[in-house]
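>>> requesting a structural model of the entry that follows:
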Amino acid sequence: MLIDEVPERAVRRAGAAIELPEGLLVLDADSGEFTRMPKPVADAEIRGLSFDGARMVLVGGRGTCLLRLADAEQRWHGVPEERYDEHADLSPDGRTVAILTCDEENAIISLLDPETGRRRDIWSDPRDGFTRV
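As a prediction, the model looks like this:
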């Protein structure tokens, strides 16, 4: 089957998502069928799904985004100045996002509370050892 033959529609929950140049191939967790979806955010890449499949985590130039699949609501959490987010993933309960952030000299792991937007650095590697922050 060709990707173009897969029907395109929104899903409420995803069991898996594969990024393709022309959009997303998503396993609908409710029906068990594959469907195509347009890429939700042009300049961001998928980094994971919530445990229940209802939210997608994306990382892009603006920071980290939590996308609710049912209605395509985007909640962006900006990146601190002089940094860029590389990777992010939700905890199993969905209440915390772990983010790998980088700047010119360091790799930093932060925890983000998606409800409040508060980001707290918990680890940094200044490339000459490991530092807890």
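
>>> for E81, give me phi and psi.
When read as degrees, to the nearest 10, the backbone of E81 gives phi -50, psi 140.

>>> helix or strand for the residue nearest to the spatial centre of the chain, which one?
Nearest residue to the geometric centre of the chain (Cα atoms, centre = their mean): V57, 1.9 Å. Assigning secondary structure by DSSP states H and E places V57 in strand 55-60.

>>> can you pull the buried residues of that strand?
Of the residues in strand 55-60, 55-60 count as buried by neighbour count, 16 or more other Cβ atoms under 10 Å. Where C-beta positions appear, they are placed from N, C-alpha and C, glycine not excepted.

>>> tell me the mean pLDDT over it?
Taken as a whole, strand 55-60 has a mean pLDDT of 95.

>>> equivalent analysis for stretch 31-47, please.
Averaging pLDDT along stretch 31-47 yields 88.
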